[in-house]
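> no sequence on hand, only this structure:
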């Protein structure tokens, strides 16, 4: 199996709670995760052990996977254990306050069961690009609804 460890981060001009309200809500994932085509909440509470089933289109293939909440410290950390998926392991969402709002990170660590014959770089590269694009979409959504005191200030002339 190919080992994968991919991290991406972005600065978002919003408070951690405003970001987590979107990022930690599985029903909102199709808004900011391009690949996610459907979400089935199995256990509705955001507590350890809660499960969510997702469907996605990745490289033209329909796939599904289930996550279980491993740890949650709203609004700063959500760690999910990925089970029954082409890539099993953990996904960690981290949100930390920064001078411009918040630094947001996603880290995927795991092993590819379905694509284990491929070198990890051929999996990690596209995964990193997809995660970066997803964070850009998240930024657009959150900054569009962030309080004006956390948005970047621009001067008009």
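Okay, I see it. All figures in this text were calculated on a predicted structure; none of them were measured in a lab.
> show the pLDDT at the residue lying closest to residue 59 once chain neighbours are set aside.
The shortest distance from residue 59 to any residue other than its chain neighbours is 7.6 Å, reached at residue 126 (CB to CB, 6 or more residues apart in numbering). (C-beta placed from N, C-alpha, C; glycine too.) What the model reports for residue 126 is a pLDDT of 84.
> try residue 45
For residue 45, the predicted pLDDT is 91.
> can you verify it is assigned to a strand?
No - Residue 45 is assigned coil when assessed by DSSP: H, G, I helix; E, B strand; the rest coil, not a strand.
> where do the strands sit along the chain?
Ranges of strands within the chain are 2-12, 36-41, 51-58, 61-73, 77-83, 87-98, 101-112, based on DSSP state E.
> counting contacts, what elements does the last one pack onto?
Using 3 or more CB pairs under 8 Å, 6 or more residues apart in numbering; DSSP states H and E as the contact definition, the elements that strand 101-112 packs against are strand 2-12, helix 16-23, strand 87-98, helix 120-145.
> now the ones you listed as JSON lines including mean neighbour count and distance to residue 74?
Formatted as JSON lines, those follow (neighbours: other CB atoms under 10 Å; distance: least, CB to CB, whole Å):
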{"stretch": "strand 2-12", "mean neighbour count": "17", "distance to residue 74": "16"}
{"stretch": "helix 16-23", "mean neighbour count": "20", "distance to residue 74": "6"}
{"stretch": "strand 87-98", "mean neighbour count": "18", "distance to residue 74": "10"}
{"stretch": "helix 120-145", "mean neighbour count": "16", "distance to residue 74": "15"}
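> which one of those lies closest to residue 41?
helix 16-23 (15.6 Å; CB to CB).
> show the contacting residues for the nearest residue to residue 139 once chain neighbours are set aside.
Leaving aside its sequence neighbours, residue 139 sits nearest to residue 12 (CB to CB, 6+ apart; 4.9 Å). By CB atoms under 8 Å, 6 or more residues apart in numbering, the contact set of residue 12 is 19, 101, 102, 104, 138, 139, 142, 143, 146.
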